[in-house]
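# test case, fold it:
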Amino acid sequence: MKTKRSFILAIAGSLLVIPVITLVLGEVFTNLFNTTMDEPAARRISLAIQKPMVFGLLGVMQVIMIITVRKLLSPLQRFLVNPDREDKTRYAAARRAALGVPWMLILITVVFWTLGTLTFYGLNGWKGPGGTPLSWALAFKISSGLLSATLNALVINLMLLEPKKSLSMENIWPGERDRFAESRDMITMFSAIAVAVIHLAYAARYFILRNPGLQGLTNPVPAMTLVGAVISMIAMLMTSLSRREDRLQTSVLRDRISELSAEQQVDLTARAGILNFDALGSLSDAFNGYTKSLRTMIAEISDAMATLASVSEDLTDRTALMRSEMEAIGEAVGGIDHTVQDEATAVESSSSSIEAIGKNIENLHQVINEQAAVVTQSGAGIEQMIANIRSVTGSVEQVDSHYLALGSAAGEGKQKIVQANVLIGKVAEMSGLLLDANKMIAAIASQTNLLAMNAAIEAAHAGESGAGFSVVADEIRSLAEKSALQSKDIGTRLREVKATIDQAVVAAGDASRGFDEVSSRIDIVNSFQDEIRNALREQSEGSKQVLDGITTINGVTETVKSGAREMTDSASSLVDGMRRLNHLSSLVKTEMQRISTDVKRISAAFADVTTMVETNQGAIDRVSTRIQRFKV
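Predicted coordinates for the structure are as follows:
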């Protein structure tokens, strides 16, 4: 309690001491430069303090000022005794308590000395007891009172700084404006100049009007120099006091700025205290607002850095995952490359086999032509036999030789048909193998397309970093689709070839059965060979039957010949298709090698991305470390 009230006692002491000193100096000055007084300088000074009425009036004024100041500062005193910042009304009143003190001191001092001087002169018939005119007396009292009140206001403001610190003011509220603090330099200068002008003018008047016969000051230079020096000292004192307020406020602000610029932990929740509601107080208020904004910004940056660190860690994990996936894709592409190479080898082998089949089919075609020639020759022989049926009886041995040649030709034809059936079976088997190979190519194209789609999805997940890989994935998918279409076309052609071969198999079976029938007929003819001599009529009928059989064989032979021709054409188409397939396989092999190269480049790019992510993570850690200096 005593500590809280000590500043009131100090202010009361200032209100007692400064006006007394000012009054004594003023009375000494007026006595020293009184043109009507015939006393030496020392006597004039002693007479200056022998004015009980003047000092009595001063005492009354001091009592009034002390009471008024105490009343004005009572909200501040009550708050310091019971500091409750939750009571906004009491706290606001305490903050504004000191704002009216300087103006109250100036107003009371000027009004009191003006009224006191007028009353004093009125009681003395409007004449000064020392011969000082009323105008000069009013000028003396008003300027001296203004200077005294200003000096007292500056001293009291310094005394109030410590209680103001206890208020922990961090912002200037609406309506809080210290007009005296804003204009104290101007008031100080004005009061000092006014006192200097009036007192120097009065001193000059004294040396101009003084009677040389009277005692007192005679040399104007030291006298006026002393007056100017005293006034200058007072002005310097007031300026120093005014600057001291600014220095204290600046020191508080500088200390806060030094805390913010320090390398160690910085508390952004702290604020620079506001001592006066002047320009420096407004600067402190603005700085506190900046600190508050900085605190919010640091908190947001801290949250953002935490989020960024989390994102960076996630990006690091995802980059590592994508890098491993790219390595897996590279391995898969390598496997596909090997598969494509194996496929190319198989296609080349299949192409060689198909060409061999084509050659075999050509050979078969030649055999069938030979068989057709033999059948034609057999038909001609039978016709000749029928034409010479009558001479058969005389030429049994010749007929026997003809039947033996016919049997040999039939056996040979049947053997050719068997060989043709074997070759056609091989062609059918190779057609099945080609269809299986084509299915494998279609499966590889489908898997390649699926891998390209998965790669495109992963590239989309990667964003801008996967844009290049997305283009590669699209190219792979396009190539896979082309391969699938070509495989489909080849499958269609192979199925057509197989259908043709199946037809050839059926036709060869028919031919074989025809030859079986020929053999059967020859056996029948042989069985009737002994009866030829006795049954020419039966021989003629049998010859007709043989001729019909030969005709049938000739038709079957023509059918086989036509099928062989179609088989030859199909084999040529199959060879051409295999050549195109071989070319496509080479293209796929080249594309797979290019894809493998691109995958390696993408893997290298992911390595660079990983390095950049690690660098970014280091920068985030450094920024986070710097931000952690600030307590928010």
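# switch to C-alpha atoms for all contacts and neighbour counts from now on
OK.
# so what secondary structure elements neighbour the helix or strand Leu237 falls within?
According to DSSP states H and E, Leu237 maps onto helix 220-261. For helix 220-261, the packing partners by 3 or more Cα pairs under 8 Å, 6 or more residues apart in numbering; DSSP states H and E come out as helix 134-159, helix 179-209, strand 266-267, helix 279-387.
# center of the protein, which residue is that?
When Cα atoms, centre = their mean is applied to the chain, the residue found nearest the centroid is Leu308 (8.6 Å).
# look up the closest residue to that residue, ignoring the ones flanking it.
Once flanking residues are discounted, Leu308 sits nearest to Ile620: 7.6 Å by Cα to Cα, 6 or more residues apart in numbering.
# that neighbour and Ala309 touch, don't they?
Yes: assessed by Cα atoms under 8 Å, Ile620 is found in contact with Ala309 at 6.4 Å.
# show me what counts as buried in whichever strand or helix holds Arg78.
Arg78 is part of helix 52-81 when elements are defined by DSSP H and E. For helix 52-81, the neighbour count (16 or more other Cα atoms under 10 Å) marks 55, 58, 61-62, 65-66, 68-70, 72-77, 79-80 as buried.
# which SSE is immediately downstream of that helix?
helix 88-96.
# packing partners for that next one?
By 3+ Cα pairs under 8 Å, 6+ apart, helix 88-96 packs against helix 52-81.
# by contact count, what packs against the helix it packs on?
Using 3+ Cα pairs under 8 Å, 6+ apart: helix 52-81 touches helix 2-32, helix 88-96, helix 101-123, helix 161-167.
# any chance of a markdown table for those helices, columns mean pLDDT, distance to Leu237 and mean neighbour count?
Shown next, in a markdown table, are these (pLDDT from 0 to 100; distance: least, Cα to Cα, whole Å; neighbours: other Cα atoms under 10 Å):
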| stretch | mean pLDDT | distance to Leu237 | mean neighbour count |
| --- | --- | --- | --- |
| helix 2-32 | 86 | 13 | 17 |
| helix 88-96 | 89 | 27 | 17 |
| helix 101-123 | 90 | 17 | 18 |
| helix 161-167 | 88 | 18 | 16 |
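# Ser446 is nearest to which of those?
Shortest distance between Ser446 and the helices and strands packed on helix 52-81, using Cα to Cα, is found for helix 88-96: 78.9 Å.
# chain center to that closest one: distance?
Helix 88-96 sits 48 Å away from the centroid of its parent chain (Cα atoms, centre = their mean, to the nearest Å).
# outside of it, which residues touch it?
By Cα atoms under 8 Å, 6 or more residues apart in numbering, the surrounding residues in contact with helix 88-96 are Leu73, Pro75, Leu76, Gln77, Phe79, Asp84, Arg85, Lys164, Leu167, Met169, Glu176.
# just send the helices and strands packed on helix 52-81 back as a markdown table, with distance to Gln384 too.
Listed next are these as a markdown table, based on distance: least, Cα to Cα, whole Å:
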| stretch | distance to Gln384 |
| --- | --- |
| helix 2-32 | 158 |
| helix 88-96 | 144 |
| helix 101-123 | 159 |
| helix 161-167 | 147 |
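# in which helix or strand would I find Asp569?
Using DSSP H and E, Asp569 falls in helix 536-627.
# how far away is Asp576 from His583?
Using Cα to Cα, to the nearest Å, Asp576 is found at 11 Å from His583.
# against Arg95, how distant is Leu158?
15 Å.
# repeat for His583
96 Å.
# residues in contact with Met169?
Arg95, Gly273, Ile274, Leu275.
# any idea how far it is from Tyr91?
Distance from Met169 to Tyr91, by Cα to Cα: 10 Å.
# so which of the helices and strands packed on helix 52-81 gets nearest Gly555?
Per Cα to Cα, nearest to Gly555 of the helices and strands packed on helix 52-81: helix 88-96, 125.0 Å.
# can I get that closest one in CSV? Just the C-alpha atoms.
Provided in CSV are the C-alpha atoms of helix 88-96 (Å, rounded to 0.1, in the frame of the first residue of the first chain):
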residue,chain,number,x,y,z
LYS,A,88,-12.7,-2.8,-17.9
THR,A,89,-14.3,0.5,-16.6
ARG,A,90,-11.8,0.8,-13.7
TYR,A,91,-8.9,-0.1,-15.9
ALA,A,92,-9.9,2.4,-18.6
ALA,A,93,-10.3,5.1,-16.0
ALA,A,94,-6.8,4.3,-14.6
ARG,A,95,-5.3,4.5,-18.1
ARG,A,96,-6.8,8.0,-18.7
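# now the angle from that helix to helix 52-81?
140 degrees (axes from the mean of the first three to the mean of the last three Cα atoms, to 10 degrees).
# cool, thanks, talk later.
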